[in-house]
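J.: Build the 3D model from these lines:
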Amino acid sequence: MNLTTSLLAVVVDIGLSLQLFAQTDIPALKISHLTGDYYVYTTCRKLGVETIPSNSMYVITNQGAVMFDTPWDSAQFQPLLDSIADRHHSRVILCIATHFHDDRTAGLDFLNQKGVITYTSEQTLSLCKEHGKNRAQYSFTKDTTFVVGNHQFFACYPGEGHTKDNIVIWCDDAKVLYGGCLVKSTDANDLGNLEDANLAEWPRTIANVINRFPGPKYVIPGHYGWADGDGLAHTLKLLQENIDKNRR
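T.: Numbers count the residues shown, from 1 in each chain. Here you go, the predicted structure:
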């Protein structure tokens, strides 16, 4: 091998290394045990220079696993199913997506192809069609209780907020409120993506959630941490700050 060939080989090797780094610099799937049969899983996506974590959940029932929302990172679709199978010897049988944005619906087509039953509200289904997003197989038109084996989950539409279609899921046995992107983490300093938000209705919607589901032990926001459980109050604080700022 001559010098020119050697240099070319080095350049190609460096180029491949940089490409592989660029493909793998997003954090891998993270699964955190919440309580009992309930788990939060987190995937990430880069928006500009910032890496944004997205929280979703799954629950292990005696009939199979139920997901609330899908991974945001498409590279984690199969690893999530594999992790649930390896860790719990369980297969995902149902997924409920909580609004039409990609961080909730990106994996619906994948799950449909895997034979998982997928649901959204009728309003979310309509917005998915309108915006060209992945769609669930089935939809519901009013607040709905899903009973799966030894667990049940109440999907509730409390009003507009982050989007016009955002729902929350209440798990009464463990007092878990899955708020999705309607609820902001106490780690958040602002309201995030407001492209489809209804800022006028959002405070009323949060108040509806607080009144309807008093005393949750766990409140899971769509992004960032959830350990302190104060996401509902913090969301109201951020909304009030936004109102005050716009009055100036």
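J.: and the closest residue to residue 127 other than its chain neighbours, what pLDDT?
T.: Excluding the flanking residues, the one nearest residue 127 by CB to CB, 6 or more residues apart in numbering is residue 100, at 4.0 Å. To be clear about C-beta, it is placed using only N, CA and C from the backbone, and glycine gets the same treatment. On pLDDT, residue 100 comes in at 98.
J.: cool, residue 244 as well?
T.: pLDDT, residue 244: 82.
J.: Need the phi and psi values for the residue nearest to residue 127.
T.: phi -90, psi -10 (degrees, to the nearest 10).
J.: what's the burial count for it?
T.: The tally of other residues near residue 100 (other CB atoms under 10 Å) stands at 26.
J.: Would you mind listing the residues in contact with it?
T.: Residue 100 sits next to 120, 124, 127, 128, 131, 133, 163, 165 when contact means CB atoms under 8 Å, 6 or more residues apart in numbering.
J.: The residue most central in space within the chain: which element?
T.: Among the residues of the chain, residue 56 comes closest to the average C-alpha position under CA atoms, centre = their mean, at 3.8 Å. Residue 56 is part of strand 50-61 when elements are defined by DSSP states H and E.
J.: List the strands paired with that strand, with their directions.
T.: strand 38-47 (antiparallel), strand 64-68 (antiparallel) (DSSP bridges).
J.: buried set for the first one?
T.: Buried positions in strand 38-47, judged by neighbour count with 16 or more other CB atoms under 10 Å: 38, 39, 40, 41, 42, 43, 44, 45.
J.: The last one too?
T.: Buried residues in strand 64-68, defined by neighbour count with 16+ other CB under 10 Å: 64, 65, 66, 67, 68.
J.: Can you show me the helices along the chain?
T.: With DSSP state H as the criterion, the chain has helices at 3-24, 77-88, 102-105, 108-113, 122-131, 202-212, 231-247.
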